[in-house]
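1. Give me the fold of what follows.
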Amino acid sequence: MTRLARATLAPVALALLAVAMTTAARASEGEWLVAGGAGAAWLRQGGAWHPGGVLGLEGQYGVTDAWLLRATLDGSWHASSGDTRPRALGGSAGITYAVDVLRVIPFAELGVAVADLGGVAGGARTDLGVDVGVGAEYLLTRRWSLSLAVRARALPLGLRGDAAGTPARVGFMLRLGRVLAE
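-> Next up is the predicted model:
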C-alpha cells in the first residue's frame, strides 16, 4: 500500500461511515444555515498532486426549498517532497440545488472561486476559477445536520504572481451545520 493510500484510508473510511449513518441539515426558504467542517484534499500545483487536510466554514441562504445561495471560506495545507509546504486559502460563492428526499438530501453546487496559493514552486499566487461539488446531507434534527460534500476547484485565471500552470484542488469535507431561526 502506498503512502498516499495509507494517509487517505482513515479519512475516506470515516466519511463513508458518516454518509452511511447520516448527512447534513439544510436551509429552507428564508432560512440561514451555518456550517463548519474538515476533510481531505489534493492540490495540483507544478504538475504534481499534493495530499493534505482542509478546514472550512460555509453559509447558505434558502431562496426556495430547492435553491440556496452559498458562500464558503476554506484553507488546505498539503504535504510536499521538497522544503516547501503548499497551502491554499480561498473561498467561493454560488448556488446549490438540493433534492429533499426524506432525511437524506442529495445536492449539487456550482460557484465562482478565488484562492491564494503559497508555499508552491514559483512563489505565491492568487487565481480565479470555478468550484463544483456534489454531496448529501442528513437531517439529524430539523435544525442540525451532517453532510458530506465532494468538491473540485479549477483556477485557470491568474490574478497575481506566477501564472504558469493551472492549479486545481479536489477533496471532500464532512461538515456539521445548524439552521438559524429567523
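
2. Next, give phi and psi for the residue positioned nearest the centre of the chain.
-> Centroid-nearest residue in the chain, with C-alpha atoms, centre = their mean: Arg151, separated by 5.1 Å. Backbone torsions of Arg151, given as degrees, to the nearest 10, read phi -130, psi 150.

3. Could you pull up the residues touching it?
-> 109, 131-133, 170-173 (C-beta atoms under 8 Å, 6 or more residues apart in numbering). For the C-beta atoms, the positions are set from N, CA and C on the backbone; glycine is no exception.

4. switch the cut-off to 10 Å
-> Listed by C-beta atoms under 10 Å, 6 or more residues apart in numbering, the contact partners of Arg151 are 39, 41, 54, 56, 72, 74, 92, 109, 111, 113, 131-135, 169-173.

5. And Pro51, how far from Ser76?
-> 10 Å (C-beta to C-beta, to the nearest Å).

6. Pick out whichever of the two has more residues nearby.
-> Higher neighbour count among Pro51 and Ser76: Ser76, with 27 against 19, using other C-beta atoms under 10 Å.

7. Within the sheet, what are the partner strands of the one helix or strand that one maps to, with directions?
-> For Ser76, the host element (DSSP states H and E) is strand 67-78. On the basis of DSSP bridges, the sheet neighbours of strand 67-78 come out as strand 48-62 (antiparallel), strand 87-98 (antiparallel).

8. pull the CA atoms of that strand into CSV?
-> Output of strand 67-78 as CSV, limited to C-alpha atoms (Å, rounded to 0.1, in the frame of the first residue of the first chain):
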residue,chain,number,x,y,z
TRP,A,67,-32.4,26.5,-4.4
LEU,A,68,-29.8,28.0,-2.0
LEU,A,69,-27.2,30.8,-2.2
ARG,A,70,-23.9,29.7,-0.6
ALA,A,71,-20.6,31.2,0.4
THR,A,72,-17.6,29.2,1.6
LEU,A,73,-14.2,30.1,3.1
ASP,A,74,-11.6,27.3,3.4
GLY,A,75,-8.0,26.5,3.8
SER,A,76,-5.9,23.5,3.0
TRP,A,77,-2.4,22.5,3.9
HIS,A,78,-0.5,19.9,1.8
